[in-house]
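S.K.: Fold the following and give me the result.
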Amino acid sequence: MKAIWQGVTVAESDDIVEVEGNAYFPLGALKREYIRESATHTVCPWKGRANYYSLVVGEAVNTDAAWYYPIPKPGAEVVAGRVAFWRGVEILA
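M.R.: A predicted model of the protein is given here:
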C-alpha cells in the first residue's frame with residue numbers, strides 16, 4: 001500500500017495493519033524527507049497517547065497529517081511501531 005499526498009508517496013509497505021478503518025504503516029516505511037515532528041499530542045481511551053507528524057512536500061505543509069502511538073496501552077500493541085494518516089492523505093492498495 002502507499003500513502004500519497006500532493007502526488008508524492010510519503011510511505012509505502014506491504015505490511016499494513018488496519019485498525020478502526022485506518023491503515024497503519026510500519027514507521028520504517030515513512031519517506032523521512034517528507035516528515036516533520038509535531039508538538040501535537042492527543043489521547044485515545046484504548047490506544048493511549050498519540051504523537052503526530054506533519055507532511056512537507058515542496059512549500060506545502062499538511063500539519064499533523066500522521067499519527068502514531070510510541071507506547072500503546074495494553075491491548076493496543078498492534079499499533080506499536082506504526083503510523084496512520086488522515087487530512088487528505090490518499091491510501092492506495
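S.K.: in the protein, which spans are helices?
M.R.: For the chain, helices defined by DSSP state H do not occur.
S.K.: low pLDDT regions in it?
M.R.: By pLDDT under 70, the chain contains no weakly predicted segment.
S.K.: need the contact list for Ala29.
M.R.: By Cβ atoms under 8 Å, 6 or more residues apart in numbering, the contact list for Ala29 reads 11-13, 15, 83. C-beta here means a position set from N, CA and C on the backbone, and glycine is covered the same way.
S.K.: Quick check on those: which are buried?
M.R.: Among the contacts of Ala29, those classed as buried by 16 or more other Cβ atoms under 10 Å are 11, 13, 83.
S.K.: Now do the strands in the chain.
M.R.: Listed in chain order, the strands of the chain (DSSP state E) span 2-5, 8-12, 17-19, 22-26, 35-44, 48-57, 60-68, 82-85, 90-92.
S.K.: Among those strands, which comes closest to Pro74?
M.R.: Ranking the strands of the chain by proximity to Pro74 (Cβ to Cβ) places strand 48-57 first, at 9.2 Å.
S.K.: So which of the strands of the chain is the most surrounded?
M.R.: Ranked by mean neighbour count, the strands of the chain are led by strand 82-85 with a mean of 24 (mean count of other Cβ atoms under 10 Å).
S.K.: Tell me the strands beside it, with direction?
M.R.: Strand 82-85 sits in its sheet next to strand 22-26 (antiparallel), strand 60-68 (antiparallel), going by DSSP bridges.
S.K.: Relative to Ala65, how far out is Ala50?
M.R.: Counting by Cβ to Cβ, to the nearest Å, the gap from Ala50 to Ala65 is 13 Å.
S.K.: The strands paired with strand 82-85: which one's closest to Val79?
M.R.: For Val79, the closest of those is strand 22-26, at 5.5 Å, according to Cβ to Cβ.
S.K.: gap between the closest one and the chain center?
M.R.: Between the centre of strand 22-26 and the centre of its chain there are 7 Å (Cα atoms, centre = their mean, to the nearest Å).
S.K.: Same check on stretch 9-19?
M.R.: Offset of stretch 9-19 from its chain centre (Cα atoms, centre = their mean): 9 Å.
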